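Chemist: sequence and computational prediction follow.
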Amino acid sequence: MKQRNPRIQSPEDIAALVQAWGFLPFFRNPVPGFSIAECTPPHLWFSDTADGPWEWKGPVARRGDCLYGKFFHGKAGFISREWVPDFCNARRDGYDFDARFDDELASRKDKDLYDAVAAAGSILTPALKTACHYGKNGAKGFEPTVTRLQMQTYLCIADFDYMTDRQGKTYGWGVARYSTPEAVMGYDYVTSAYAVEPARLQEKIMAHLRSLCGVTDDKLLLRVLGK
């Protein structure tokens, strides 16, 4: 990475790095140093006495100046507001979801899940599974479907909800609250790059990542991004 060894010690640090880099994967990936995991001191992971990246991702996501979701080869990370229109159009090939479905490029399972989130504005994972009849004796494949819709940028994770104890302290793993980029940032803004050829936007993103990461091997960068 051109910006060597940034240090993450708070949600504000994550938010600042997202804005500085434009793209910030959560987990380690083929580009050394290009992740929250590598920029955060080890003692802040799974600490019993201090919050860390697992707890910070929700507050950063709900700021509204970035998107969080499984955007990087099926794994989680952040995209800054500046890059959202370009990234969404590159991933969607210029299609709104309904147009993608009408052209038979999305399944009925994808549509049911997307429609449930879009209708709710935001919805927690258990309620989304119930609305779309996922469960022991119901539909299968929730995780692959919701991941695919995030990779295509039709869905994102707007926040995480936590259980609280009698003292009001949160505990346990956060439950994802799904939304759409349009609900987070507005339809007109998210789709503002639709007039540009998606291939041009993909190259713009790749050029930015080459410069940011100091990497000239596009195959390596594509392993980070996925499609």
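Modeler: All right, it came through fine.
Chemist: hey, let's count contacts and neighbours off CA atoms from now on
Modeler: Fine.
Chemist: surely Lys70 is in a strand?
Modeler: Yes - assessed by DSSP: H, G, I helix; E, B strand; the rest coil, Lys70 belongs to a strand.
Chemist: correct me, but it touches Tyr154?
Modeler: No - assessed by C-alpha atoms under 8 Å, Lys70 is found out of contact with Tyr154, at 11.0 Å.
Chemist: ok, and what's touching the host helix or strand of Asp86?
Modeler: Assigned by DSSP states H and E, Asp86 belongs to helix 84-92. Under the criterion C-alpha atoms under 8 Å, 6 or more residues apart in numbering, residues 66-67, 95, 151-153, 189-194, 198-199, 201-202, 205, 227 lie in contact with helix 84-92.
Chemist: CA atoms only for that helix, dumped as CSV, please.
Modeler: Listed next in CSV are the C-alpha coordinates belonging to helix 84-92 (Å, rounded to 0.1, in the frame of the first residue of the first chain):
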residue,chain,number,x,y,z
VAL,A,84,-20.7,4.4,-4.7
PRO,A,85,-22.2,5.5,-8.1
ASP,A,86,-19.3,4.2,-10.1
PHE,A,87,-19.1,1.0,-8.2
CYS,A,88,-22.8,0.3,-8.3
ASN,A,89,-23.0,0.9,-12.1
ALA,A,90,-19.9,-1.2,-12.8
ARG,A,91,-21.3,-4.1,-10.7
ARG,A,92,-24.9,-3.8,-12.0
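Chemist: quick one: that helix to chain centroid distance?
Modeler: 12 Å (C-alpha atoms, centre = their mean, to the nearest Å).
Chemist: which SSE is immediately downstream of it?
Modeler: Counting by DSSP H and E, what follows helix 84-92 is helix 97-102.
Chemist: please identify the buried residues of the helix holding Asp86?
Modeler: Residues of helix 84-92 classed as buried by neighbour count (16 or more other C-alpha atoms under 10 Å): 84-92.
Chemist: list the contacts of the most centrally placed residue in the chain.
Modeler: Nearest to the mean C-alpha position of the chain, by C-alpha atoms, centre = their mean, lies Gly69 at 1.8 Å. Contact analysis of Gly69 by C-alpha under 8 Å, 6+ apart lists 75-78, 150, 155-157.
Chemist: which of those fall within helices?
Modeler: Gln150 (DSSP state H).
Chemist: what ranges do the strands span in the protein?
Modeler: For the chain, the strands defined by DSSP state E cover 23-25, 66-72, 75-80, 122-124, 156-164, 170-179.
Chemist: now do the residue nearest to Ala76 when sequence neighbours are not counted, the pLDDT please.
Modeler: Residue nearest to Ala76 in three dimensions, not counting chain neighbours: Lys70, with 3.9 Å by C-alpha to C-alpha, 6 or more residues apart in numbering. pLDDT recorded at Lys70 is 98.
Chemist: and the angle from the helix holding Asp86 to strand 66-72?
Modeler: Interaxial angle, helix 84-92 versus strand 66-72 (axes from the mean of the first three to the mean of the last three C-alpha atoms, to 10 degrees): 30 degrees.
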